[in-house]
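>>> following is a predicted model, sequence given first.
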Amino acid sequence: MGNDYHELLIEIKQEFEIRRINARHAVNTELVNLYYFVGQKIIERQEQHGWGKSIVEQLAKDLQTTFPGNNGFSARNLWDMRRLYERYSPYPNLRQVVAEIPWGHHLLILNKTNLIEEAEFYIKQVSTNGWSRNVLLNFIKSNAYNASLKEGKQNNFTTTLPTYLAEEAIKSEYSLEFLGISGRVKERELENKMIEHIRDMLLAMGYGFTYMGNQYKIKLGRNEYFIDLLFYHRFLQCMVAVELKVGKFEPAHAAQLNFYLEILDNSIKQSHENPSIGILLCAEKDNLEVEYALRVTNKPIGVAEYSLTRKLPKTLEKALPDADELKELLK
């Protein structure tokens, strides 16, 4: 069989992937179209009958009873469907592209943009370049829309994916002009570039940080782990581990960093040094979620967007960058 069979196998695998992505794309389009329809009907009935907010709560209960196990018809989601229709219905030219991006991306754009021109910019970038939700979030936070206006062009990112990726689990490649990167880069390269900026920012602050390395290897038995950034603080006499998460904070992030600090204190920390501390930098966080996640950690950890756990001693708070300074790190 030889090369001929190998070519056949490759062709079938490629076609399978294309069909799989197209199927997800079609499912996503139908879902967004459904949500747009529901939002339209809610607004129309409220205007026609003078119904108030209670109709949404009642509709959510009845739909969840009709479709048990479907979380898409929660009251909160119904309000978001209403917002979706309310924002884009005056702009029929956007109707098709609105249906092309996933619902989770829509929620980000609805919550974090105000101008329709700004929303249109991000919608088209997601549709064209296949941005994952985390990538979209970081471009919004870096104010890519305003940057594109200053540069005098709406489409200042090169197309980087041959096919639309409609599932968050499929990691896209993307262009990052705002970080000075040209061509195609993987998500790990995005993290490395951001780590470089954060490292330089911390070192420039003059708080006594001494750089020990990035992707710093630590070992537990036969297993190896890698800390994004590791510093030694001369005045505090302790190590400072910095972990970067390009997406929203998750409780597992705090547990992971707590685990790393435990290894540092047991295998690398010298007897005369103080316990290590951690800084977790996320693109977004929910305060209540962070509070509960930090309750079960036994190490001092700071979470950016951007507060420090109450277990962090006041002497450390004074030596570390404050909340506003940490916020600047991801801009």
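Received the coordinates, thanks. Residues are numbered from 1 along each chain as shown.
>>> what packs against the helix or strand hosting residue 41?
Element membership of residue 41 [criterion: DSSP states H and E] is helix 2-49. In this structure, helix 2-49 packs against helix 54-66, helix 75-88, helix 103-112, with contacts taken as 3 or more C-beta pairs under 8 Å, 6 or more residues apart in numbering; DSSP states H and E. Heads up, the C-betas are built off the backbone N, CA and C, glycines and all.
>>> show residues contacting the helix or strand following the longest one.
Same thing as helix 75-88. Counting by DSSP H and E, the next helix or strand C-terminal to helix 75-88 is helix 95-98. The contact list for helix 95-98, computed with C-beta atoms under 8 Å, 6 or more residues apart in numbering, reads 32, 36, 84, 88, 106, 123, 124, 127.
>>> how about the helices and strands packed on helix 2-49 in TSV, adding distance to residue 215 and mean pLDDT?
Listed next are the helices and strands packed on helix 2-49 as TSV, based on distance: least, C-beta to C-beta, whole Å; pLDDT from 0 to 100:
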stretch	distance to residue 215	mean pLDDT
helix 54-66	45	89
helix 75-88	38	94
helix 103-112	29	92
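>>> can you redo the ones you listed as TSV with distance to residue 4 and mean neighbour count?
Shown next, in TSV, are the helices and strands packed on helix 2-49 (distance: least, C-beta to C-beta, whole Å; neighbours: other C-beta atoms under 10 Å):
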stretch	distance to residue 4	mean neighbour count
helix 54-66	54	13
helix 75-88	50	18
helix 103-112	42	17
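>>> I'd like the ones you listed as TSV, with distance to residue 249 appended.
Compiled in TSV, the helices and strands packed on helix 2-49 are given as follows (distance: least, C-beta to C-beta, whole Å):
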stretch	distance to residue 249
helix 54-66	27
helix 75-88	20
helix 103-112	15
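>>> what's the closest of these to residue 40?
helix 75-88 (4.6 Å; C-beta to C-beta).
>>> which residues does the closest one contact?
32, 35-36, 38-40, 42-43, 56-57, 59-60, 63, 71, 94-95, 98, 106-107, 110, 116, 119.
>>> could you list the low-pLDDT ranges of this structure?
Residues of the chain meeting the criterion pLDDT under 70: 1-2, 21-22, 24-25, 69, 150-208, 304-331.
>>> domain map for it?
1-100, 107-185, 190-329 (automatic domain parsing).
>>> cool, thanks, talk later.
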